[in-house]
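this one's sequence-less:
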């Protein structure tokens, strides 16, 4: 199993500001995934963070809005830039279960962002 | 675009009662189905991963079934307890990606 720590666990932010979410894993992993869940919506993959290369973004998400860092095999950050109320969501960091052939994930506890 | 539907969106159940909810998905390109439990302020936690049509899995009072031909899975909770209160997420693994439903929020009334 993997233990994933995220911070902050929650924050209230002003429109137009940026916030960086940190994700720390207790073991080395190749890929880390950033998800968000907007109220009443499905979990949506934002991007996949690979160590040593640029993150791979899903359709509808861009690096300018959600810059990601992946400085080593146990840590990643996601920044939500120039926030608007539509960015109010739970942001989750996750990693794939080692050896899984079915995409099973471990998750952090999430970062609940409210943008005013 | 694959769509995973969960119903109901939310559910209130009296403590001690049994309950079930549904995950529907397109049956083409199916590889696996996941159920996760997500308690407030905690990490989503994997309950079951199922791959074969007719699969049934059980963990304590919780069980799940899978019908890949008609594209649905049921999650059953027997004798609901307050600690079962959570959002239950379903996802299918298809073409090397997870597609998530919006979840069923279960509230157990003492």
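The structure has been received and is ready for your questions. Predicted model, so just to flag it, every value in this text is computed and none were measured.

tell me the buried residues in stretch B:64-80?
Using 16 or more other C-beta atoms under 10 Å in any protein chain shown as the test for burial, stretch B:64-80 gives B:64-66, B:68, B:71-73, B:75, B:77-78, B:80. Bear in mind the C-beta positions are built from the backbone N, C-alpha and C, glycine included.

quick one: is the worst-scoring helix or strand of chain B on mean pLDDT near chain A?
None of the helices or strands of chain B scores lower by mean pLDDT, DSSP states H and E than strand B:97-100, at a mean of 92. Yes - using C-beta under 8 Å from any C-beta of the partner chain, strand B:97-100 reaches chain A at B:97-100.

and that strand, which residues are buried?
Going by neighbour count (16+ other C-beta under 10 Å), the buried part of strand B:97-100 is B:98-100.

what of stretch B:18-32?
The neighbour-count check on stretch B:18-32 (16+ other C-beta under 10 Å) flags B:19, B:21, B:23-25, B:30, B:32 as buried.

now the spatially most central residue of chain A. Its backbone dihedrals?
Residue closest to the average C-alpha location in chain A (C-alpha atoms, centre = their mean): residue A:34, at 3.0 Å. In terms of degrees, to the nearest 10, the main-chain angles of residue A:34 are phi -110, psi 130.

so it touches residue A:76, yeah?
Yes - the pair residue A:34 and residue A:76 passes the contact test of C-beta atoms under 8 Å, sitting 7.5 Å apart.

between those two, what contacts are shared?
A:23, A:49, A:68, A:93 (C-beta atoms under 8 Å, 6 or more residues apart in numbering or on different chains).

just the residues you listed: which has the poorest pLDDT?
Within those, residue A:49 has the lowest pLDDT, namely 94.

in the helix or strand that residue falls within, which residues are buried?
Using DSSP states H and E, residue A:49 falls within strand A:44-50. Neighbour-count burial for strand A:44-50, counted by 16+ other C-beta under 10 Å, picks out A:44-49.

cool, and stretch A:10-22?
Going by neighbour count (16+ other C-beta under 10 Å), the buried part of stretch A:10-22 is A:13, A:19, A:21-22.

ok, stretch A:20-29 next?
In stretch A:20-29, counting by 16+ other C-beta under 10 Å, buried: A:21-23, A:25, A:29.
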